[in-house]
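Asker: Here's my sequence, what's the structure:
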Amino acid sequence: MRVLPKANDICWCGSGQKFKRCHKNSTDPVRPGRISPLRPVPASIPRPMWADGGVLEKWDEPRIKSDDVIERMRQTGREAADTLAFLGTVIAPGATTDDIDVACHDRAVSIDAYPSPLEYPGGPNAYPKSVCTSVNEVICHGIPDDRKLIDGDIVNCDVTLFKRGVHGDTNATFYVGNVDQASQDLVRITRDCTAAGIAAAQPGNRINDIGRAIQDLAEKHGYGVVRDFVGHGIGEQFHTDLQICHYYHPRLDDPIEPGMTFTVEPMITQGSYRAQMWSDGWTATTTDRSRTAQFEHTILITEDGPEILTTPSDTSNHPYWTL
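Answerer: The predicted model follows:
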(Lines give C-alpha, C1' and ligand atoms only; values in the text may rest on other atoms or scores of the structure.)
Protein backbone atom coordinates (compact mmCIF):
# COMPACT_ATOMS: atom_id res chain seq x y z
CA MET A 1 0.00 0.00 0.00
CA ARG A 2 1.07 3.57 -0.68
CA VAL A 3 1.77 5.36 2.62
CA LEU A 4 0.88 9.06 2.50
CA PRO A 5 2.24 11.79 4.78
CA LYS A 6 -0.13 13.43 7.24
CA ALA A 7 -1.41 16.89 6.34
CA ASN A 8 1.12 18.75 8.50
CA ASP A 9 4.10 16.52 7.68
CA ILE A 10 6.85 17.88 5.44
CA CYS A 11 6.08 16.91 1.85
CA TRP A 12 7.99 13.98 0.34
CA CYS A 13 9.10 16.05 -2.69
CA GLY A 14 11.78 18.01 -0.84
CA SER A 15 10.10 21.40 -1.15
CA GLY A 16 10.24 21.96 2.61
CA GLN A 17 6.52 22.79 2.64
CA LYS A 18 3.82 20.97 4.56
CA PHE A 19 2.20 18.14 2.62
CA LYS A 20 -1.21 19.86 2.72
CA ARG A 21 0.22 22.93 0.97
CA CYS A 22 2.29 21.02 -1.56
CA HIS A 23 1.29 17.63 -3.05
CA LYS A 24 -1.86 16.78 -1.10
CA ASN A 25 -4.10 17.75 -4.02
CA SER A 26 -2.57 15.00 -6.14
CA THR A 27 -3.82 12.43 -3.60
CA ASP A 28 -7.44 13.64 -3.59
CA PRO A 29 -9.92 11.42 -5.47
CA VAL A 30 -10.30 12.10 -9.19
CA ARG A 31 -13.66 13.67 -9.99
CA PRO A 32 -15.38 13.90 -13.39
CA GLY A 33 -15.06 17.23 -15.18
CA ARG A 34 -16.71 18.90 -18.15
CA ILE A 35 -16.50 16.98 -21.42
CA SER A 36 -16.10 19.03 -24.59
CA PRO A 37 -18.14 18.35 -27.76
CA LEU A 38 -17.34 15.48 -30.13
CA ARG A 39 -14.50 16.30 -32.50
CA PRO A 40 -15.11 15.56 -36.20
CA VAL A 41 -12.96 13.33 -38.39
CA PRO A 42 -12.62 14.40 -42.04
CA ALA A 43 -14.85 12.39 -44.38
CA SER A 44 -11.82 11.46 -46.48
CA ILE A 45 -10.38 9.28 -43.71
CA PRO A 46 -11.47 5.60 -43.77
CA ARG A 47 -13.26 4.70 -40.56
CA PRO A 48 -14.38 1.62 -38.65
CA MET A 49 -18.00 0.53 -38.84
CA TRP A 50 -19.06 2.18 -35.55
CA ALA A 51 -18.05 5.68 -36.63
CA ASP A 52 -20.73 8.29 -37.31
CA GLY A 53 -23.30 6.38 -35.29
CA GLY A 54 -22.74 3.06 -37.05
CA VAL A 55 -23.24 -0.39 -35.53
CA LEU A 56 -20.45 -2.63 -34.24
CA GLU A 57 -20.67 -6.02 -35.95
CA LYS A 58 -18.42 -8.90 -34.96
CA TRP A 59 -17.19 -11.60 -37.30
CA ASP A 60 -14.98 -14.66 -37.02
CA GLU A 61 -11.67 -13.02 -37.81
CA PRO A 62 -8.93 -15.65 -38.13
CA ARG A 63 -6.63 -15.84 -35.12
CA ILE A 64 -3.73 -16.59 -37.45
CA LYS A 65 -3.18 -13.49 -39.57
CA SER A 66 -2.13 -13.42 -43.19
CA ASP A 67 1.19 -11.87 -44.21
CA ASP A 68 -0.73 -8.94 -45.69
CA VAL A 69 -2.63 -8.20 -42.47
CA ILE A 70 0.56 -8.52 -40.42
CA GLU A 71 2.45 -6.03 -42.56
CA ARG A 72 -0.42 -3.53 -42.34
CA MET A 73 -0.49 -4.01 -38.57
CA ARG A 74 3.25 -3.32 -38.33
CA GLN A 75 2.80 0.03 -40.03
CA THR A 76 -0.31 1.08 -38.10
CA GLY A 77 1.14 -0.14 -34.80
CA ARG A 78 4.25 1.97 -35.30
CA GLU A 79 2.15 5.05 -36.01
CA ALA A 80 0.03 4.43 -32.89
CA ALA A 81 3.24 4.18 -30.84
CA ASP A 82 4.58 7.41 -32.34
CA THR A 83 1.29 9.10 -31.45
CA LEU A 84 1.54 7.87 -27.86
CA ALA A 85 5.12 9.12 -27.60
CA PHE A 86 3.97 12.50 -28.88
CA LEU A 87 1.31 12.70 -26.17
CA GLY A 88 4.09 12.43 -23.61
CA THR A 89 5.28 15.88 -24.71
CA VAL A 90 1.85 17.36 -23.85
CA ILE A 91 1.63 15.96 -20.32
CA ALA A 92 2.60 18.50 -17.64
CA PRO A 93 1.09 20.10 -14.55
CA GLY A 94 -1.70 22.45 -15.64
CA ALA A 95 -2.51 20.63 -18.86
CA THR A 96 -5.98 19.08 -19.00
CA THR A 97 -6.78 15.58 -20.11
CA ASP A 98 -8.84 17.25 -22.84
CA ASP A 99 -5.60 18.85 -24.06
CA ILE A 100 -4.23 15.32 -24.42
CA ASP A 101 -7.31 14.33 -26.40
CA VAL A 102 -6.94 17.31 -28.74
CA ALA A 103 -3.30 16.36 -29.35
CA CYS A 104 -4.20 12.74 -30.04
CA HIS A 105 -7.13 13.58 -32.31
CA ASP A 106 -5.24 16.17 -34.34
CA ARG A 107 -2.20 13.92 -34.71
CA ALA A 108 -4.35 10.99 -35.85
CA VAL A 109 -6.23 12.88 -38.53
CA SER A 110 -3.01 14.54 -39.71
CA ILE A 111 -1.73 11.10 -40.73
CA ASP A 112 -5.11 9.99 -42.17
CA ALA A 113 -5.85 7.66 -39.25
CA TYR A 114 -9.12 7.29 -37.36
CA PRO A 115 -8.82 7.28 -33.53
CA SER A 116 -10.42 3.91 -32.80
CA PRO A 117 -12.02 4.75 -29.41
CA LEU A 118 -14.05 7.61 -30.89
CA GLU A 119 -17.76 6.65 -30.83
CA TYR A 120 -16.94 3.06 -29.85
CA PRO A 121 -20.18 1.49 -28.54
CA GLY A 122 -20.54 0.69 -24.84
CA GLY A 123 -21.88 2.01 -21.59
CA PRO A 124 -24.98 4.20 -21.70
CA ASN A 125 -23.39 6.15 -24.57
CA ALA A 126 -20.66 5.61 -27.15
CA TYR A 127 -17.17 6.67 -26.08
CA PRO A 128 -16.93 10.40 -26.84
CA LYS A 129 -13.16 10.92 -27.18
CA SER A 130 -10.14 9.88 -29.25
CA VAL A 131 -7.96 8.62 -26.39
CA CYS A 132 -8.47 7.20 -22.89
CA THR A 133 -6.80 9.16 -20.09
CA SER A 134 -6.77 7.40 -16.71
CA VAL A 135 -5.40 9.43 -13.78
CA ASN A 136 -4.17 8.04 -10.43
CA GLU A 137 -6.82 5.60 -9.15
CA VAL A 138 -8.59 5.36 -12.53
CA ILE A 139 -7.83 1.87 -13.85
CA CYS A 140 -8.84 2.40 -17.47
CA HIS A 141 -11.20 4.10 -19.95
CA GLY A 142 -11.07 7.50 -18.28
CA ILE A 143 -12.79 10.10 -20.46
CA PRO A 144 -10.74 13.25 -21.17
CA ASP A 145 -12.28 16.38 -19.65
CA ASP A 146 -11.33 19.79 -18.27
CA ARG A 147 -9.61 18.44 -15.14
CA LYS A 148 -6.13 19.91 -14.90
CA LEU A 149 -3.27 17.53 -14.24
CA ILE A 150 -1.57 18.22 -10.90
CA ASP A 151 2.10 17.91 -10.01
CA GLY A 152 2.42 14.41 -8.54
CA ASP A 153 -0.28 12.75 -10.67
CA ILE A 154 0.31 9.74 -12.85
CA VAL A 155 -1.73 9.39 -16.05
CA ASN A 156 -2.18 6.48 -18.39
CA CYS A 157 -2.84 7.28 -22.05
CA ASP A 158 -4.37 4.55 -24.21
CA VAL A 159 -4.03 5.14 -27.96
CA THR A 160 -5.54 3.05 -30.74
CA LEU A 161 -5.46 4.03 -34.40
CA PHE A 162 -7.40 2.55 -37.33
CA LYS A 163 -5.54 2.80 -40.63
CA ARG A 164 -4.97 0.49 -43.61
CA GLY A 165 -8.00 -1.48 -42.43
CA VAL A 166 -6.36 -2.58 -39.15
CA HIS A 167 -5.97 -1.33 -35.57
CA GLY A 168 -2.81 -0.59 -33.58
CA ASP A 169 -3.30 -0.42 -29.78
CA THR A 170 -0.81 0.74 -27.15
CA ASN A 171 -0.61 2.65 -23.88
CA ALA A 172 1.79 3.90 -21.23
CA THR A 173 1.68 5.55 -17.81
CA PHE A 174 3.38 8.95 -17.55
CA TYR A 175 4.56 11.02 -14.59
CA VAL A 176 3.12 14.50 -14.15
CA GLY A 177 5.92 16.64 -12.74
CA ASN A 178 7.38 15.39 -9.42
CA VAL A 179 5.96 12.00 -8.48
CA ASP A 180 6.41 10.24 -5.12
CA GLN A 181 8.64 7.18 -4.87
CA ALA A 182 5.76 4.77 -4.25
CA SER A 183 4.11 5.81 -7.51
CA GLN A 184 7.41 5.57 -9.37
CA ASP A 185 7.83 2.03 -8.04
CA LEU A 186 4.31 1.13 -9.15
CA VAL A 187 4.93 2.42 -12.68
CA ARG A 188 8.28 0.63 -12.91
CA ILE A 189 6.92 -2.72 -11.76
CA THR A 190 3.91 -2.39 -14.07
CA ARG A 191 6.26 -1.87 -16.98
CA ASP A 192 8.26 -4.92 -15.86
CA CYS A 193 5.03 -6.96 -15.60
CA THR A 194 4.18 -6.04 -19.19
CA ALA A 195 7.62 -7.16 -20.30
CA ALA A 196 7.27 -10.43 -18.36
CA GLY A 197 3.90 -11.14 -19.95
CA ILE A 198 5.25 -10.49 -23.43
CA ALA A 199 8.29 -12.69 -22.77
CA ALA A 200 5.95 -15.54 -21.79
CA ALA A 201 4.08 -15.27 -25.12
CA GLN A 202 6.20 -17.94 -26.79
CA PRO A 203 4.91 -20.32 -29.47
CA GLY A 204 4.06 -23.60 -27.77
CA ASN A 205 3.19 -21.94 -24.46
CA ARG A 206 -0.41 -21.43 -23.35
CA ILE A 207 -2.34 -18.17 -23.16
CA ASN A 208 -2.54 -18.47 -19.37
CA ASP A 209 1.26 -18.58 -19.14
CA ILE A 210 1.13 -14.84 -19.91
CA GLY A 211 -1.12 -14.15 -16.93
CA ARG A 212 0.90 -16.43 -14.68
CA ALA A 213 4.11 -14.49 -15.43
CA ILE A 214 2.44 -11.13 -14.77
CA GLN A 215 0.67 -12.21 -11.58
CA ASP A 216 3.77 -13.85 -10.12
CA LEU A 217 5.86 -10.71 -10.58
CA ALA A 218 3.19 -8.27 -9.41
CA GLU A 219 2.34 -10.22 -6.27
CA LYS A 220 6.03 -10.73 -5.48
CA HIS A 221 6.19 -6.94 -5.04
CA GLY A 222 2.92 -6.74 -3.11
CA TYR A 223 0.76 -5.36 -5.92
CA GLY A 224 -2.67 -6.37 -7.20
CA VAL A 225 -3.61 -7.44 -10.73
CA VAL A 226 -6.93 -6.18 -12.11
CA ARG A 227 -9.26 -9.01 -13.17
CA ASP A 228 -12.15 -7.08 -14.72
CA PHE A 229 -10.30 -5.93 -17.86
CA VAL A 230 -8.15 -8.07 -20.13
CA GLY A 231 -5.98 -8.00 -23.21
CA HIS A 232 -7.54 -9.04 -26.49
CA GLY A 233 -7.01 -10.24 -29.99
CA ILE A 234 -6.70 -7.45 -32.53
CA GLY A 235 -6.40 -7.00 -36.27
CA GLU A 236 -9.03 -5.84 -38.71
CA GLN A 237 -11.29 -5.74 -35.65
CA PHE A 238 -10.47 -3.67 -32.57
CA HIS A 239 -11.33 -6.62 -30.29
CA THR A 240 -11.46 -10.23 -31.45
CA ASP A 241 -12.55 -13.31 -29.50
CA LEU A 242 -9.08 -13.98 -28.05
CA GLN A 243 -8.87 -12.99 -24.37
CA ILE A 244 -5.57 -12.41 -22.56
CA CYS A 245 -6.01 -12.41 -18.78
CA HIS A 246 -3.22 -10.79 -16.79
CA TYR A 247 -3.57 -13.29 -13.95
CA TYR A 248 -3.48 -17.07 -14.11
CA HIS A 249 -6.79 -18.44 -15.41
CA PRO A 250 -6.74 -22.25 -15.65
CA ARG A 251 -9.31 -22.45 -18.44
CA LEU A 252 -7.46 -20.07 -20.78
CA ASP A 253 -5.13 -22.80 -21.97
CA ASP A 254 -5.32 -22.25 -25.74
CA PRO A 255 -1.92 -22.77 -27.37
CA ILE A 256 0.04 -19.69 -28.47
CA GLU A 257 0.66 -20.04 -32.21
CA PRO A 258 2.73 -18.15 -34.79
CA GLY A 259 0.61 -15.61 -36.65
CA MET A 260 -1.50 -14.61 -33.64
CA THR A 261 -1.79 -10.90 -32.84
CA PHE A 262 -3.04 -9.65 -29.49
CA THR A 263 -2.44 -7.10 -26.75
CA VAL A 264 -0.70 -7.54 -23.42
CA GLU A 265 -1.86 -4.71 -21.13
CA PRO A 266 -1.74 -5.45 -17.39
CA MET A 267 -3.34 -3.03 -14.96
CA ILE A 268 -1.43 -3.21 -11.66
CA THR A 269 -2.63 -1.68 -8.39
CA GLN A 270 -1.05 -0.53 -5.13
CA GLY A 271 -4.00 -1.92 -3.18
CA SER A 272 -7.23 -3.68 -4.11
CA TYR A 273 -7.49 -5.05 -7.64
CA ARG A 274 -11.27 -4.71 -7.60
CA ALA A 275 -12.91 -2.18 -9.89
CA GLN A 276 -15.82 0.23 -9.47
CA MET A 277 -17.55 1.95 -12.39
CA TRP A 278 -18.57 5.57 -12.64
CA SER A 279 -22.04 6.43 -13.85
CA ASP A 280 -20.65 7.27 -17.30
CA GLY A 281 -20.35 3.53 -17.90
CA TRP A 282 -16.70 3.78 -18.97
CA THR A 283 -14.47 5.07 -16.16
CA ALA A 284 -13.28 2.32 -13.80
CA THR A 285 -11.47 3.07 -10.53
CA THR A 286 -9.98 0.95 -7.77
CA THR A 287 -12.49 0.42 -4.98
CA ASP A 288 -10.03 1.60 -2.33
CA ARG A 289 -8.81 4.55 -4.45
CA SER A 290 -5.27 3.19 -4.50
CA ARG A 291 -3.20 4.17 -7.51
CA THR A 292 -2.94 1.99 -10.56
CA ALA A 293 -0.72 1.92 -13.65
CA GLN A 294 -0.82 0.23 -17.04
CA PHE A 295 1.32 -0.41 -20.10
CA GLU A 296 0.25 -2.07 -23.34
CA HIS A 297 1.73 -3.37 -26.54
CA THR A 298 0.21 -5.08 -29.56
CA ILE A 299 2.33 -8.14 -30.30
CA LEU A 300 2.73 -10.67 -33.10
CA ILE A 301 3.72 -14.26 -32.36
CA THR A 302 6.48 -15.42 -34.72
CA GLU A 303 8.27 -18.75 -34.95
CA ASP A 304 11.05 -17.17 -32.85
CA GLY A 305 8.86 -15.55 -30.21
CA PRO A 306 6.86 -12.34 -29.68
CA GLU A 307 7.43 -9.31 -31.89
CA ILE A 308 6.24 -5.96 -30.49
CA LEU A 309 4.29 -4.08 -33.18
CA THR A 310 3.91 -0.87 -31.17
CA THR A 311 7.46 0.30 -30.63
CA PRO A 312 7.85 3.98 -31.64
CA SER A 313 10.25 5.11 -34.33
CA ASP A 314 12.52 6.79 -31.77
CA THR A 315 13.00 5.30 -28.31
CA SER A 316 16.15 7.23 -27.46
CA ASN A 317 14.44 9.78 -25.22
CA HIS A 318 11.71 7.61 -23.77
CA PRO A 319 12.51 4.81 -21.32
CA TYR A 320 8.95 3.48 -21.19
CA TRP A 321 9.31 1.41 -24.36
CA THR A 322 12.68 -0.21 -23.74
CA LEU A 323 11.10 -3.56 -22.92
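Asker: Low-confidence regions, the protein specifically.
Answerer: Residues of the chain that meet the criterion pLDDT under 70 lie in 1-7, 10-26, 317-323.
Asker: ok, residue 70 - contacts?
Answerer: Going by Cβ atoms under 8 Å, 6 or more residues apart in numbering, residue 70 touches 259, 261, 300. For the C-beta atoms, the positions are set from N, CA and C on the backbone; glycine is no exception.
Asker: I'd assumed it was in a helix, is it?
Answerer: Yes - counting by DSSP: H, G, I helix; E, B strand; the rest coil, residue 70 is found in a helix.
Asker: For the closest residue to residue 102 other than its chain neighbours, which residues are in contact?
Answerer: Distances taken as Cβ to Cβ, 6 or more residues apart in numbering place residue 39 nearest to residue 102, at 7.6 Å, with adjacent residues excluded. Shown in contact with residue 39 (Cβ under 8 Å, 6+ apart): 101-102, 105, 118, 130.
Asker: again, only this time at 10 Å
Answerer: Applying Cβ atoms under 10 Å, 6 or more residues apart in numbering to residue 39 gives the contacts 101-102, 104-106, 109, 115, 118, 128-130.
Asker: Which ones among these lie within helices?
Answerer: Among the contacts of residue 39, the residues falling in helices (DSSP state H) are 101-102, 104-106, 109.
Asker: What ranges does the stretch 51-200 of the chain have for its helices?
Answerer: With helices called from DSSP state H, counting those that start in this stretch, the stretch 51-200 of the chain shows them at 67-87, 97-110, 181-199.
Asker: Just list what the shortest one packs against, helices and strands only.
Answerer: Okay, so that is helix 97-110. helix 67-87, strand 114-115, strand 132-135, strand 154-163 (3 or more Cβ pairs under 10 Å, 6 or more residues apart in numbering; DSSP states H and E).
Asker: follow-up on the earlier one: looking at the contacts of residue 70, which are in strands?
Answerer: When DSSP state E is applied, the contacts of residue 70 are split such that 261, 300 fall in strands.
Asker: From the contacts of residue 70, pick the one nearest residue 148.
Answerer: Using Cβ to Cβ, residue 261 comes nearest to residue 148 of these, at 37.1 Å.
Asker: ok, the closest one - how many residues close by?
Answerer: Neighbour count for residue 261, taken as other Cβ atoms under 10 Å: 25.
Asker: As TSV, the helices of the stretch 51-200 of the chain with distance to residue 267 would be great.
Answerer: Formatted as TSV, these follow (distance: least, Cβ to Cβ, whole Å):
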stretch	distance to residue 267
helix 67-87	17
helix 97-110	18
helix 181-199	8
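Asker: Between those, which one is closest to residue 236.
Answerer: helix 67-87 (6.7 Å).
Asker: and the closest one, which residues are buried?
Answerer: Under the neighbour-count criterion of 16 or more other Cβ atoms under 10 Å, helix 67-87 has 69-70, 72-74, 76-85, 87 buried.
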